[in-house]
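In: prediction below, plus the sequence it came from.
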Amino acid sequence: MSHLKGEEQPDMAHNPNPVPRDEEYLPYPAVAPILESLTFGFFMVEMLVKMVALGVFGCQGSYLSNNWNKFDAFINTVSVVDYFLSVLGINWQISKPLEPMRLLGRIPSMRALMKVLLDMTPMLINVFILYIFIINIFAVVGVQLWAGQLRNRCFLGEDILGKYNVSMSPFYEPEDGERYPFICSPDGKHGVRRCSDVPPYTQDGELCSVAAPDSASAANPSSLMVGDVRTEECTNWHMYYNVCRTGNHNPHRGAVNFDHIGYAWLTTFQMGSFVMMNVCAVVIVNQFTESIQRAKGQRGAGAASIAWLRYMLTSCLRVISSIYNSRRRNTVHCNDSGSMEGSLMVHIWQPIKRRLKCIVDSKLFNQGIMFAIFFSVVTMAIEHHGQPKELTRMLKVTNIVFIIIFIAEMAMKLLVLSGAYFWDPSNVFDFVIVISSVWEVIAKVDSRLSVLRAFRLLRFVRLVKFLPHLKRQLLVLKRTIQEAAALCGLLLIATVLGMQLFGNKFSFQTKNGVTVTDRKNFDTIRWSMVTVFQILTLEDWNLVLYNAMSATSHWAALYFVGLIVLGKYILLNILMGIVVESFQEKGPRSPLPSCPNLTHSSPSEADSNEENVLAHGLVFGKETYLRSPWNVVDGFLVALSLVDVLVSLVSRGKNKKLGILKVLRLLRTLRPLRVIKRAPKLKLAVDALIASVKPIGNIALICCAFFLFFGILGVQLFKGKFFYCVGQDTRNVTSKSDCLSANYQWVRKTYHFDNLPQALLSLFVMFSKDSWVNIMYDGLDAVGVDKQPVQNHNEWMLLFFISLMIISFVLLDMFIGVMVDTFHQCQQEQKMKDELLGEDKTQVEHGVLKAKKLRLLLRTIIKTLSQVENICLLFTFFFFIYAVLGVELFGRLSCSDDNPCHGLHRNTNFRHFGMALLTLYQVCTGDNWSGIMRDTLRSCRPGDVGCLSYLHWVSPIFFTSFVVMGQFVLVNLVVAAIMQALEDSSEVRQNAQTKKAHRHTASLWLEQLVILFDHVVLIAGKTHFKL
């Protein structure tokens, strides 16, 4: 998702050099050298003490016999070298990037993670060798095709500057030329963009079309003589940018080009490789699972001994507890035997307590509480910005009613359980929610304490207790979050390293001479961590790369490439491995009702003949037309065709009320669904996709639950706060009234949290990892209702957005885990069927006997491409339907200065079917799809041609459904196919090795038999024994 969009970046076209800043990272600069000296002294003393205590080397258990101690000693040595170099005036500070890595050997979970990484290293090396090989191929081709071509610009063909005394750039620069440069193609080349395509010059919003006069004195752009008449038309100065030649600058501050192989590698790496990234993910998941299984096998005996100790300790505690309780009962009986009043109270209370216990434990009571929780969540969900005062008063009353209900529930449980109430974590959770809700009502919290309202939303979590079928998925979620803590340690290392390399270096000067600091920076530990996390999500990571290369050197690319390879391709895929391994452990798998094989198809599986209504009847009967689901779909589409004809006839008139029926004509794009029934392989793929719906239903339910939770919380925190003022100078604007009094516009952000549906749409955009940074910035800048945003006004809101993104990582990996698990189950069932049919599917080729791990990966890729034929058919069919629908809906949308676009442009639009396919491919990769949707959500203006009034509700359905099916379902099917292909290739390789070992053993036995026979013959010759 490396794209160029979002917030304004500092324009570096006129001042490519960064502005240095002298501030230190810490708020107290004088403290930094003291802390560094103390830290250095502490680690040196630690190393010396360990050396004295353990010995330096040469014996078992010595200091240098431990690899982590060697690593510490290496860092200390580099620190000493840095110190002596600083004395000599050489300030290299080589040790600073290494110091955070001390955490690797000091935290047990990180040591275990590093062990897993080392176990995976041989296979990862093969993966990255193959990855580099593919990148190198495309880089070499790019150098051959486009070396120096990205520098082409449209220059002035004559001396306009000297002839007319006007101020113009020597070559044409668009308004946002740094991000979208105008790259032309010279005459004689095959490029599609010429200097004749340069847009005309505009003045006061009007297009200029008149050529400049022959004399400079007559070159008044606002008043020209045409014959004897003076006209007000202006000169189109852009028409003189008519020479395309090579300039001095490449796009994006010189970071994107194919001028030599180094930059070609970097440019190709930014584009990524879909298959190779998924192969990397699959290899890491498989290797991680194998490493975990080996580790569990090694610590089996230790686990047994720990379980035995736990059993003995528990038994002792039970004995002690029973002795204490018996003595306590005897003491109470002796001391209180004469207390008639106490006995009477106990006699009265016990029946009441038993009755309360029956009520609390009853099913009806729990169902009543569940409905109360549900309706309390509903009352929070209907809150929105600008709601009527009557609704506000009603919601306050209902909130008090629900608080009373939950207080009564808590009181009844306390009376029944007494102190044991707090032994249950869920009861403690309920207690905290009730207390916070009471505090909210009593304190009458204002906007500064609106976070207290979020505690009311925690009631939603209590509903999980009433959904036992989600237990397995929730256990996987819990375990994944716990085991992923070690990944945060490595994130911290990358954060500190980024501060050391790029801290206080992202300040740039704009064209107006104003020095600004990019929001994506490494200046503090907080923002460095946010920037590193942003890079791991691949959201606008290339913009950070361009800033770093411009501020330091082109070698800064090594940090970002290393961070993406180690962080995105390895560590986050280890998180996926944790999820997949957890799904393989937690609980039994439910059998699939229908499990067709996506990678194997047979024509016999399709219907051999076409059923029709005349032959079999319509409804009644065993083999009637509507008994088949595919016939139902077919009949439905035929009915839609009839509706399309009727709508065409009805809407031919000028009756605007009936014009809304044209919306139904969009359903004609579903006609290609009739192909499914008649294409056996496509039908098989759709059947397999439908079969996987049930297993992933629980994950989808958990995703919806989290969406609802964060959506309601977002409404509570940000409703009415995502507005801003648009005008010429808004520096002194602080509120909506100031904006309107200055005749400016008070505009709302496209993605906001004013109501729950809009909040859910914004969350879905963030969940897809697209534009989440810009939405986060809007949340940090939000001040209040009808208040102008202020940059980083409330940085505590980082907790909301970062926690949402972390949860999105885990949920998406759970989604992939379920898809992989389901796909694997289908494959295993198919293998069992093949074995029962006697089909031999384990033929081994002789060439595999010499295969190595790198050949195994190549075999995996080739096998994947050959096996996903049905998935490719499903992709093609899916893209076809949405492309036709996209042309119908958005084909007439256009961009202009008055109505600018954020995602649609000449290379991304729905003007015709071919361009729609390319645009949908971009959406499927996650590249600025939210910007494209944003352009389709705009309101129709008077005179807009082709703007449909219903786009504001059709567009979200179109894009969200496409992203769900494309990014979350079909792409993950490819991942599952790659994983199965790797497993099959590994089995083939293992079988080949087994057969080779058997042949080797047989040859050894044969050799021994020949030797034995020779000895027998020799002995027989000596003894004259005749055979």
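Out: Looks like it arrived, so ask away.
In: next, the buried residues of whichever strand or helix holds Gly368.
Out: Assigned by DSSP states H and E, Gly368 belongs to helix 363-381. Of the residues in helix 363-381, those buried under the neighbour-count criterion (16 or more other C-beta atoms under 10 Å) are Ile369, Ala372, Ile373, Ser376, Val377, Thr379, Met380, Ala381. Bear in mind the C-beta positions are built from the backbone N, C-alpha and C, glycine included.
In: out of the residues you listed, which comes closest to Val954?
Out: Checking those against Val954 by C-beta to C-beta gives Ala381 as the nearest, at 23.4 Å.
In: what residues are up against the closest one?
Out: Residues in contact with Ala381, defined by C-beta atoms under 8 Å, 6 or more residues apart in numbering, are Leu708, Gly711, Ile712, Leu756.
In: would CSV of the residues you listed with secondary structure, distance to Asn66 and neighbour count be doable?
Out: Below are these laid out as CSV (DSSP: H, G, I helix; E, B strand; the rest coil; distance: C-beta to C-beta, whole Å; neighbours: other C-beta atoms under 10 Å):
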residue, secondary structure, distance to Asn66, neighbour count
Leu708, helix, 50, 18
Gly711, helix, 50, 24
Ile712, helix, 51, 25
Leu756, helix, 56, 20
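In: what's the farthest-apart pair in those?
Out: Maximum pairwise distance among these (C-beta to C-beta): 8.1 Å, between Leu708 and Leu756.
In: contacts only, for His86.
Out: Just so we're on the same page, residue 86 is Ser rather than His. For Ser86, the contacting residues are Gln93, by C-beta under 8 Å, 6+ apart.
In: where's it, which helix or strand?
Out: When elements are assigned from DSSP H and E, Ser86 belongs to helix 67-87.
In: cool, and Met529?
Out: Taking DSSP H and E as the criterion, the element that holds Met529 is helix 525-536.
In: can you check Val747 too?
Out: Secondary-structure assignment from DSSP H and E places Val747 in strand 745-748.
In: show me the contact partners of that strand.
Out: By C-beta under 8 Å, 6+ apart, the list of residues contacting strand 745-748 from outside reads Phe722, Phe723, Tyr724, Cys725, Val726, Gly727, Lys736, Cys739, Leu740, Asp754.
In: CA atoms of the following helix or strand past that strand as PDB?
Out: Stepping forward along the backbone from strand 745-748, the first helix or strand reached (DSSP H and E) is helix 756-767. Taking only C-alpha atoms (Å, rounded to 0.1, in the frame of the first residue of the first chain), the coordinates of helix 756-767 have been written out as PDB:
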ATOM      1  CA  LEU A 756     -22.300   4.700  13.800                       C
ATOM      2  CA  PRO A 757     -22.600   3.900  10.100                       C
ATOM      3  CA  GLN A 758     -20.000   6.500   9.200                       C
ATOM      4  CA  ALA A 759     -17.800   5.300  12.000                       C
ATOM      5  CA  LEU A 760     -18.000   1.700  10.800                       C
ATOM      6  CA  LEU A 761     -17.000   2.900   7.300                       C
ATOM      7  CA  SER A 762     -14.000   4.800   8.700                       C
ATOM      8  CA  LEU A 763     -13.000   1.800  10.800                       C
ATOM      9  CA  PHE A 764     -13.200  -0.500   7.800                       C
ATOM     10  CA  VAL A 765     -10.900   1.800   5.800                       C
ATOM     11  CA  MET A 766      -8.400   1.600   8.700                       C
ATOM     12  CA  PHE A 767      -8.800  -2.100   9.000                       C
END
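In: and the average pLDDT for the helix or strand following helix 756-767 is what?
Out: Elements were assigned by DSSP H and E; along the chain past helix 756-767, the next helix or strand is helix 772-781. If you average the pLDDT over helix 772-781, you get 93.
In: now swap in stretch 794-803 and tell me
Out: For stretch 794-803, mean pLDDT is 91.
In: which of the residues in that stretch are buried?
Out: By neighbour count, and taking 16+ other C-beta under 10 Å as the criterion, the buried residues in stretch 794-803 are Asn794, Met797, Leu798, Phe800, Phe801, Ile802.
In: now swap in stretch 719-736 and tell me
Out: Across stretch 719-736, burial judged by 16+ other C-beta under 10 Å covers Lys719, Gly720, Lys721, Phe722, Phe723, Tyr724, Cys725, Val733, Ser735, Lys736.
In: list the residues that contact the first one.
Out: If you count contacts by C-beta under 8 Å, 6+ apart, Lys719 has them with Glu383, His384, His385, Phe753, Asp754, Asn755, Val785.
In: and these as CSV, adding neighbour count?
Out: Below are the contacts of Lys719 laid out as CSV (neighbours: other C-beta atoms under 10 Å):
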residue, neighbour count
Glu383, 17
His384, 17
His385, 18
Phe753, 31
Asp754, 22
Asn755, 18
Val785, 15
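In: and the next helix or strand past the helix holding Gly368?
Out: Toward the C-terminus, helix 363-381 is succeeded by helix 389-417 as the next helix or strand (DSSP H and E).
In: buried residues in that next one?
Out: With burial defined by 16+ other C-beta under 10 Å, the residues of helix 389-417 counted as buried are Asn399, Phe402, Ile403, Ile405, Phe406, Glu409, Met410, Lys413, Val416, Leu417.
In: looking at these, spot the one nearest Leu904.
Out: When the buried residues of helix 389-417 are compared for distance to Leu904 (C-beta to C-beta), Asn399 wins out at 43.9 Å.
In: isn't that closest one up against Arg459?
Out: No: counting by C-beta atoms under 8 Å, Asn399 does not reach Arg459; the two are 10.8 Å apart.
In: what is in contact with those two at once?
Out: Taking C-beta under 8 Å, 6+ apart as the contact criterion, the common neighbours of Asn399 and Arg459 are Ser376.
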